[in-house]
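K.L.:
Sharing a model prediction with you, sequence too.
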Amino acid sequence: GKAAIFADDLNRWFFGLWKGKKLARTVSLLSITVSLLLWRLGHSANFGTMASPAANDDETDGKARGKNGVERRSCMSP
């Protein structure tokens with residue numbers, strides 16, 4: 001009895017989100033939530049290859065080199 005009424009109310013509320021102004025609010029809230037989650041994921045990722053070139057300087061010629069010995073370029077240099 002009561003569970004069926006609650007389920008029906010929940011169903012009507014959920015489907016009501018997909019009409020009119022509620023649709024705009026729902027889409028904007030979902031968009032903001034997804035973008036914040038992706039931003040957070042991007043900032044928490046380990047970018048080991050993006051370390052500063054000075055951290056891996058080869059003392060013989062002063063050029064930054066990666067694990068395989070290939071010269072790396074800084075994102076900040078022209």
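P.N.:
Looks like it arrived, so ask away.
K.L.:
Check what contacts the helix or strand encompassing Ala4 and list those residues.
P.N.:
Using DSSP states H and E, Ala4 falls within helix 2-16. Helix 2-16 is contacted from outside by Lys22, using Cβ atoms under 8 Å, 6 or more residues apart in numbering. Glycine gets a C-beta too; all of them are placed from N, C-alpha and C.
K.L.:
Show me which positions of it end up buried.
P.N.:
Neighbour counts over helix 2-16 (16 or more other Cβ atoms under 10 Å) mark no residue as buried.
K.L.:
for the chain, which helix is longest?
P.N.:
In the chain, with assignment by DSSP state H, the single longest helix is helix 20-44.
K.L.:
Give me the contacts around that helix.
P.N.:
With contacts defined as Cβ under 8 Å, 6+ apart, helix 20-44 is touched by 16-18.
K.L.:
Now pLDDT and distance to Asp8 too, for those residues, in JSON lines please.
P.N.:
Below are those laid out as JSON lines (pLDDT from 0 to 100; distance: Cβ to Cβ, whole Å):
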{"residue": "Gly16", "pLDDT": "88", "distance to Asp8": "12"}
{"residue": "Leu17", "pLDDT": "84", "distance to Asp8": "16"}
{"residue": "Trp18", "pLDDT": "84", "distance to Asp8": "17"}
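K.L.:
Just send those residues back as JSON lines, with distance to Leu29 too.
P.N.:
Formatted as JSON lines, the contacts of helix 20-44 follow (distance: Cβ to Cβ, whole Å):
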{"residue": "Gly16", "distance to Leu29": "15"}
{"residue": "Leu17", "distance to Leu29": "10"}
{"residue": "Trp18", "distance to Leu29": "13"}
